[in-house]
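Colleague: Below are the sequence and a predicted model; questions follow.
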Amino acid sequence: MSKTDAAAVIELRREHEATEKTFLGFWVYLMTDCVLFASLFAVYAVIHHNTFGGPSGYDIFRLPYVLIETFVLLTSSFTCGMAMLASQRRAKNVVLFWLGVTFLLGLTFLVMELHEFRDLVLQGDSWRRSGFLSSYFTLVGTHGLHITCGLIWMAIMGIYVWKRGLTDTVRKRLTMLSLFWHFLDVIWIFIFTIVYLYGRLNI
Amino acid sequence: MNHQPLVSEHDEPQLSYGKYVGGFLASVTLTLCAYWLATHGSSGSYILTGVLAGLAIIQFGVQMVFFLHIGEERGPRWRLAMACFMLGVVLILVFGSLWIMNNLNYRMTPLQINQYMQSQDNL
């Protein structure tokens, strides 16, 4: 191996290590975000019986609707994975297609959630009604806010992929976006179980 | 940049189609099971509560492994270590809060509760 080749390998190794550090840093952010959600879950678990004479989860949750929401989000997590596979093969148009599908599914989820919130507020069960509803709107709303941020990020990444192609930087950012999106689906498992299914069981 | 294949291809974790499909199908099945149990079970059952929590934890594991690729990294497993630490913090936070708040309720005497409620009525 010539001298210049060795230098090139060292340079590549350095780049690779820098990428690994970026991923690790993003992972640290995701883990701290877990703590944010954990505190909101703790609040919900402590005060969800405090309905102040208002409705409980059993009265207001429409489970079939929530099940469809769950499947929409789960499918979007899967299609996000498909986009990552295409990114690894450096197939630009396939990445754009799957990113588009993921975006539309994410948007559907967000619209469904906002529709649910709107119905609750219109029938007088807003966050001002009781401790239970305050914590419910805070927990589920925070998740929805993350989804909104993810959608904005995804739209920007779509433009990047379209304009610049799958450069190393763009692929690195796509990987982080996919981590974020899968992470939001993981949080939703617990919202679905603890808020909606436990609400149905009146626990 | 003609030295691309020297390092980068080998160092990237290889994603596979099968893992995503498997994770997706497992998640769908687990969600449907949990949904069916919750809609057909009797309300207030503690066994069912435990079963649903178990299903959620299994699905959490499935998605962590198949979607977030935890445990696939080489060398010092920093991500796995951080995830374990996060799990500890989350458990202490959630169950600690529940424990303390239930304990406070438990330690209030009926007299204290009456006084508290009267003071709230007077407001």
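Modeller: Received the coordinates, thanks.

Colleague: what's residue A:202 sitting at in phi/psi?
Modeller: The phi and psi values for residue A:202, taken as degrees, to the nearest 10, are phi 60, psi 40.

Colleague: That one: what's it in contact with?
Modeller: A:56, A:57, A:58, B:43, B:44 (Cβ atoms under 8 Å, 6 or more residues apart in numbering or on different chains). (C-beta placed from N, C-alpha, C; glycine too.)

Colleague: can I get those residues in CSV with secondary structure, distance to residue A:64 and pLDDT?
Modeller: Shown next, in CSV, are the contacts of residue A:202 (DSSP: H, G, I helix; E, B strand; the rest coil; distance: Cβ to Cβ, whole Å; pLDDT from 0 to 100):
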residue, secondary structure, distance to residue A:64, pLDDT
A:56, coil, 19, 91
A:57, helix, 15, 89
A:58, helix, 15, 91
B:43, coil, 17, 77
B:44, coil, 22, 75
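
Colleague: between the residues you listed, which is closest to residue B:112?
Modeller: Of all the contacts of residue A:202, residue B:112 sits closest to residue A:56, with 25.8 Å by Cβ to Cβ.

Colleague: Show me where chain A dips below the pLDDT cut-off.
Modeller: A:1 (pLDDT under 70).

Colleague: For it, which segments count as helices?
Modeller: Ranges of helices in chain A, per DSSP state H, are A:3-47, A:57-60, A:63-88, A:92-122, A:131-164, A:168-190, A:198-200.

Colleague: now swap in chain B and tell me
Modeller: B:8-11, B:17-40, B:46-66, B:78-107, B:110-122.

Colleague: Ok, which of these comes nearest residue A:76?
Modeller: helix B:17-40 (10.9 Å).

Colleague: residue contacts, residue 35?
Modeller: All of this is about chain A. Counted by Cβ under 8 Å, 6+ apart, residue A:35 has contacts B:86, B:89, B:90, B:93.

Colleague: oops, I was thinking of chain B
Modeller: Contacts of residue B:35 by Cβ under 8 Å, 6+ apart are A:63, A:67, A:197.

Colleague: Now for residue B:120, how many residues are close by?
Modeller: Neighbours of residue B:120 under the rule other Cβ atoms under 10 Å in any protein chain shown: 8.

Colleague: swap that for residue A:115, please
Modeller: 12.

Colleague: Can you tell me how far it is from residue A:134?
Modeller: Distance, residue A:115 to residue A:134, by Cβ to Cβ, to the nearest Å: 20 Å.

Colleague: and what of residue A:168?
Modeller: Taking Cβ to Cβ, one finds residue A:168 at 45 Å from residue A:134.

Colleague: more crowded one of these two?
Modeller: residue A:134 (17 against 12).

Colleague: was I right about the more buried one contacting residue A:140?
Modeller: No - using Cβ atoms under 8 Å, residue A:134 makes no contact with residue A:140, being 11.5 Å away.

Colleague: low pLDDT regions in chain B?
Modeller: Using pLDDT under 70, the flagged stretches of chain B are B:1-13, B:121-123.

Colleague: one more time with 90
Modeller: Low-confidence segments of chain B (pLDDT under 90): B:1-16, B:41-46, B:69-77, B:101-123.

Colleague: still on that earlier bit, so for residue A:108, which of the helices of chain B sits nearest?
Modeller: helix B:17-40 (17.0 Å).

Colleague: Give me the buried positions along the closest one.
Modeller: B:19-20, B:23-24, B:26-28, B:30-31, B:34-35, B:37-38 (16 or more other Cβ atoms under 10 Å in any protein chain shown).

Colleague: Now do it: distance to the chain's middle.
Modeller: Counting by Cα atoms, centre = their mean, to the nearest Å, helix B:17-40 is centred 15 Å from the centre of its parent chain.

Colleague: Determine the angle, from 0 to 180 degrees, between it and helix B:46-66.
Modeller: 170 degrees (axes from the mean of the first three to the mean of the last three Cα atoms, to 10 degrees).

Colleague: Dump helix B:17-40 to PDB, restricted to CA.
Modeller: Coordinates of the C-alpha atoms in helix B:17-40 are reproduced here as PDB (Å, rounded to 0.1, in the frame of the first residue of the first chain):
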ATOM      1  CA  TYR B  17     -35.400  -6.200   4.600                       C
ATOM      2  CA  GLY B  18     -36.300  -9.300   6.700                       C
ATOM      3  CA  LYS B  19     -35.700  -7.600  10.000                       C
ATOM      4  CA  TYR B  20     -38.100  -4.700   9.200                       C
ATOM      5  CA  VAL B  21     -40.800  -7.000   7.900                       C
ATOM      6  CA  GLY B  22     -40.400  -9.300  10.900                       C
ATOM      7  CA  GLY B  23     -40.500  -6.400  13.400                       C
ATOM      8  CA  PHE B  24     -43.500  -4.900  11.600                       C
ATOM      9  CA  LEU B  25     -45.500  -8.200  11.600                       C
ATOM     10  CA  ALA B  26     -44.600  -8.900  15.200                       C
ATOM     11  CA  SER B  27     -45.700  -5.400  16.300                       C
ATOM     12  CA  VAL B  28     -49.000  -5.700  14.400                       C
ATOM     13  CA  THR B  29     -49.700  -9.100  16.000                       C
ATOM     14  CA  LEU B  30     -48.900  -7.800  19.500                       C
ATOM     15  CA  THR B  31     -51.000  -4.700  19.100                       C
ATOM     16  CA  LEU B  32     -54.000  -6.700  17.900                       C
ATOM     17  CA  CYS B  33     -53.600  -9.200  20.800                       C
ATOM     18  CA  ALA B  34     -53.500  -6.400  23.300                       C
ATOM     19  CA  TYR B  35     -56.500  -4.600  21.700                       C
ATOM     20  CA  TRP B  36     -58.600  -7.800  21.600                       C
ATOM     21  CA  LEU B  37     -57.800  -8.600  25.300                       C
ATOM     22  CA  ALA B  38     -58.600  -5.100  26.400                       C
ATOM     23  CA  THR B  39     -61.900  -4.900  24.500                       C
ATOM     24  CA  HIS B  40     -63.100  -8.400  25.500                       C
END
